[in-house]
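> Need coordinates for the below:
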Amino acid sequence: EIVCRDGSRVTIAYSSGPLYKDGRIFAVVGTAEDITERKRIEAYVRHSAQHDALTGLPNRVLLFDRLEMAIRQAQRHGTGLAVLMMDLDHFKRVNDLLGHPMGDKLLLNISQRLQRGVRDVDTVARLGGDEFVLVMTEVRQLLPVAEQIMRSVSAPMSIEGHELMVTPSIGGSFFPADGADAATLLKNADTAMYHAKAAGRSNFQWFTEAMLRQTEEKLALGTALRRALDGGELSIHYQPEVSLRDGSVTGMEALMRWTSGRRGAVSPDRFIPVAEETGLIVPLGEWVLRTACRDAVRLQQACGAPLRLAVNLSPRQFRQAGLQSMIEQALADYRDGKLAANDWHSVADDAALPAAGKAIVSLKRWRAEKDALAASGLTLGVRIPNTDEVTPALAQELSGLPLVAVEIPKFADGRAYSQARVLRERYG
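Model prediction:
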């Protein structure tokens with residue numbers, strides 16, 4: 001590298017060699033090449049390979065390198081280190097509502113807050129999307145650090161006139177208790193983070209072996225459930241709806257049950273959430289609907305009277321573009337069997353309204369096509385989850401949907417009466 005008269009620095013590649021005459025060196029010739037631009041490009045490529053393009057933070061490659069270095073240092077000095085995996089709750093809403101450029105600015109703001117909240121010897125990395133990792137050395141009390149990070153990230157921010165606020169879900173693992181290598185520490189921190197999300201988001205969870213066992217059980221259950229769908233282990237039980245006037249059966253609700261060859265009877269509380277997470281709920285829901293329509297025809301023929309059929313739909317099914325056509329096709333397949341009763345589809349328990357916004361969009365779209373639905377024999381209902389109050393706001397949201405029935409769970413503390421009163425005031 002040479003320094004020019006104007007003070008700028010230029011990188012030179014110099015090479016030289018002897019010239020021979022009559023077997024003797026009589027001169028030396030040299031060449032010099034300005035390689036400043038080549039070196040700049042090489043440095044840029046090297047930096048890009050190890051850093052996130054948006055935030056400039058270390059990416060996964062550099063994170064692993066730094067984490068392994070920190071582990072070796074902790075082993076030499078007999079100290080501990082912590083790995084924090086952080087994910088922003090509902091970040092997708094920012095992208096969907098305000099656009100990706102606004103989401104990028106929010107991520108940049110969050111990355112700057114994280115860097116200000118740690119020491120120079122610590123590492124803040126971005127894995128991609130809205131996932132960040134913090135590697136903190138010589139940490140004795142992690143909870144205060146995690147709480148400080150949560151407060152910093154959750155603080156409101158103003159970006160281009162928009163007041164934004166996001167909350168983080170954080171999972172932590174500790175060396176050497178939770179892993180002796182970088183891959184294990186990151187995996188366990190990630191497991192803890194997803195448990196933080198499952199616990200309601202906006203909280204911190206420390207990794208435990210019980211979390212790992214629960215995750216492994218979910219994976220095994222998902223694999224077994226996929227085989228159960230093809231292996232004939234699933235069945236449908238029908239819960240009758242009885243008229244309070246004369247005790248006659250007026251309808252029935254289709255409830256999916258699973259009897260595993262290895263596990264025995266598996267509770268819906270265990271396998272339905274797994275089906276939701278893995279996406280199996282979509283083929284399972286279609287199988288239930290088609291099977292229930294077929295059975296309803298047979299039961300109506302046996303009873304000699306029309307029966308109303310209720311089939312639960314999950315929030316994930318409402319996000320499927322072909323849901324309405326699938327339902328109409330299932331009804332049409334059995335129309336020759338005179339499935340005369342209205343088919344009542346209730347949103348599943350975890351699709352609390354108005355939280356299930358996409359479900360509401362689907363229901364409102366169906367309301368706009370109510371004449372076509374009526375011709376298909378389709379009406380709609382909704383179940384209020386056990387965890388939700390029927391507030392006036394919720395009742396107003398329900399009143400704008402094409403519902404013919406609302407199911408309220410039984411409460412021992414009298415809440416059911418209060419909820420029914422709110423709905424009666426709204427619906428008349």
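
> neighbouring contacts of stretch 135-152?
The contact list for stretch 135-152, computed with C-beta atoms under 8 Å, 6 or more residues apart in numbering, reads 63, 66-67, 70, 73-74, 79-84, 86, 113-114, 116-119, 121-123, 125, 134, 167-168, 170, 172, 174, 202-204, 206. Every C-beta, even on glycine, is put in place using the N, C-alpha and C of the backbone.

> Quick check: pLDDT value at residue 83.
pLDDT, residue 83: 95.

> Do you know the pLDDT at residue 272?
Looking at residue 272, its pLDDT stands at 89.

> Grab the nearest non-local neighbour of it.
residue 281 (7.3 Å; C-beta to C-beta, 6 or more residues apart in numbering).

> Contacts only, for the one you found.
Residue 281 touches 272, 275, 314, 316, 317, counting by C-beta under 8 Å, 6+ apart.

> can you check residue 240 too?
Taking C-beta under 8 Å, 6+ apart, one finds 249, 251, 252 in contact with residue 240.

> Just list whatever residues bridge to it.
residue 252 (DSSP bridges).

> Going along the chain, name the strands of the stretch 151-300 of the chain.
Secondary structure of the stretch 151-300 of the chain (DSSP state E, counting those that start in this stretch): strands at 157-159, 162-164, 168-175, 204-206, 234-242, 249-260, 264-266.

> Please identify the deepest-packed of those.
Between the strands of the stretch 151-300 of the chain, strand 168-175 has the highest mean count of neighbours, a mean of 24, where neighbours are mean count of other C-beta atoms under 10 Å.

> Pull the distance from that strand to the chain's centre.
17 Å (C-alpha atoms, centre = their mean, to the nearest Å).

> Residue 107 is in contact with residue 157, correct?
No - look at residue 157 against residue 107 with C-beta atoms under 8 Å: they stay out of range, at 11.3 Å.

> Secondary structure element holding residue 62?
helix 60-77 (DSSP states H and E).

> Quick one: list the elements packing against that helix.
helix 36-50, strand 81-88, strand 123-128, strand 131-137, helix 182-198 (3 or more C-beta pairs under 8 Å, 6 or more residues apart in numbering; DSSP states H and E).

> picking up where we left off before, now the contacts of stretch 135-152: which count as buried?
Using 16 or more other C-beta atoms under 10 Å as the burial test, the contacts of stretch 135-152 include 63, 66-67, 70, 74, 80-84, 86, 113-114, 117-118, 122-123, 125, 134, 168, 170, 172, 174, 202-204, 206 as buried.

> Columns distance to residue 145 and mean pLDDT on top of the strands of the stretch 151-300 of the chain, output as a markdown table?
Output for the strands of the stretch 151-300 of the chain, formatted as a markdown table (distance: least, C-beta to C-beta, whole Å; pLDDT from 0 to 100):
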| stretch | distance to residue 145 | mean pLDDT |
| --- | --- | --- |
| strand 157-159 | 21 | 92 |
| strand 162-164 | 24 | 91 |
| strand 168-175 | 9 | 93 |
| strand 204-206 | 10 | 91 |
| strand 234-242 | 47 | 89 |
| strand 249-260 | 43 | 88 |
| strand 264-266 | 40 | 92 |
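
> Relative to residue 53, which of the ones you listed is closest?
strand 157-159 (19.4 Å; C-beta to C-beta).

> I would like the residues contacting that closest one, please.
For strand 157-159, contacts defined as C-beta under 8 Å, 6+ apart pick out 102, 105, 106, 109, 163, 164, 165.

> just checking, residue 53 is part of a helix?
No - applying DSSP: H, G, I helix; E, B strand; the rest coil, one finds residue 53 to be coil, outside a helix.

> Tell me the confidence at it?
For residue 53, the model assigns a pLDDT of 91.

> now residue 406
55.

> Please apply the same query to residue 103.
Value for residue 103, per-residue pLDDT: 94.

> can you check residue 47 too?
84.

> Turn the strands of the stretch 151-300 of the chain into a markdown table, including distance to residue 297.
A markdown table is the format used below for these (distance: least, C-beta to C-beta, whole Å):
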| stretch | distance to residue 297 |
| --- | --- |
| strand 157-159 | 57 |
| strand 162-164 | 53 |
| strand 168-175 | 47 |
| strand 204-206 | 49 |
| strand 234-242 | 13 |
| strand 249-260 | 13 |
| strand 264-266 | 27 |
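
> Which one, of those strands, ends up nearest to residue 197?
strand 168-175 (4.7 Å).

> elements contacting that closest one?
strand 81-88, helix 142-154, helix 182-198, strand 204-206.

> among these, which is nearest residue 95?
Closest of these to residue 95 is strand 81-88, at 10.9 Å (criterion: C-beta to C-beta).

> got the CA positions of the helix holding residue 62 in CSV?
Extracted in CSV, the C-alpha atoms of helix 60-77 (Å, rounded to 0.1, in the frame of the first residue of the first chain):
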residue,chain,number,x,y,z
ARG,A,60,-25.9,-17.1,10.7
VAL,A,61,-22.4,-17.9,9.3
LEU,A,62,-20.6,-15.3,11.5
LEU,A,63,-22.9,-16.0,14.4
PHE,A,64,-21.8,-19.7,14.5
ASP,A,65,-18.1,-18.6,14.3
ARG,A,66,-18.5,-16.1,17.2
LEU,A,67,-20.5,-18.5,19.3
GLU,A,68,-18.0,-21.2,18.9
MET,A,69,-15.2,-18.8,19.8
ALA,A,70,-17.2,-17.7,22.9
ILE,A,71,-17.7,-21.3,24.0
ARG,A,72,-13.9,-22.0,23.8
GLN,A,73,-13.3,-18.8,25.8
ALA,A,74,-15.9,-19.8,28.4
GLN,A,75,-14.3,-23.3,28.7
ARG,A,76,-10.8,-21.8,29.2
HIS,A,77,-12.0,-19.4,31.9
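
> out of everything not next to it in sequence, what's closest to residue 114?
residue 124 (4.7 Å).

> what's the one you found in contact with, if anything?
57, 58, 111, 114, 115, 118, 132, 133, 134.

> you'd agree the fourth one is up against residue 168?
No - assessed by C-beta under 8 Å, residue 114 is found out of contact with residue 168, at 9.6 Å.

> Three-state assignment for residue 6, please.
Classification of residue 6 by three-state DSSP places it in coil.

> Report pLDDT for it.
86.

> Can you give me the distance of residue 130 to residue 110?
Taking C-beta to C-beta, to the nearest Å as the measure, residue 130 falls 8 Å from residue 110.
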